[in-house]
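Undergrad: Coordinates for the following, if possible.
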Amino acid sequence: MSTTIKPLGTRVLIEVSESEVKTASGLIIPDSAKEKQQKGTVVAVGKGTESEKMEVKTGDTVLFGKYAGTEVEDNGKKYLILNQSDILAII
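TA: Numbers count the residues shown, from 1 in each chain. So this is what the prediction gives:
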């Protein structure tokens, strides 16, 4: 997981987990029917601020809101950058 993107402040860079391509019964889910994934792995974190310390660290698997963050691309790989406050839980 190498990227040149460095989040600032309380922002977090996440590599989003891949969506399931098959259902439990084996049916293939077409791209048009896939839900936006809400789980990913933290790739980089900002330094935080005096009033808000960083609670997540690189390597954490997190859950975040469905519409949170901004999609970015680096070296052909897609990432999501969002505020730490948009993270719902560390799993």
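
Undergrad: which stretches of this structure form helices?
TA: For the chain, no helices turn up when DSSP state H is the criterion.

Undergrad: check contacts around the most centrally placed residue in the chain.
TA: The residue lying closest to the centre of the chain (C-alpha atoms, centre = their mean) is Ile14, at 3.2 Å. Each residue near Ile14 by C-beta atoms under 8 Å, 6 or more residues apart in numbering is listed here: Gly40, Thr41, Val42, Val43, Val62, Phe64, Gly69, Tyr79, Leu80, Ile81, Leu82. C-beta here means a position set from N, CA and C on the backbone, and glycine is covered the same way.

Undergrad: pLDDT at Ser25, what is it?
TA: pLDDT for Ser25: 71.

Undergrad: Quick check: the gap between it and Asp74.
TA: Ser25 is 37 Å from Asp74, where distance means C-beta to C-beta, to the nearest Å.

Undergrad: again with Lys6
TA: According to C-beta to C-beta, Lys6 and Asp74 sit 11 Å apart.

Undergrad: Run the chain-centre distance for stretch 9-18.
TA: Centroid separation between stretch 9-18 and its chain, computed with C-alpha atoms, centre = their mean, to the nearest Å, is 4 Å.
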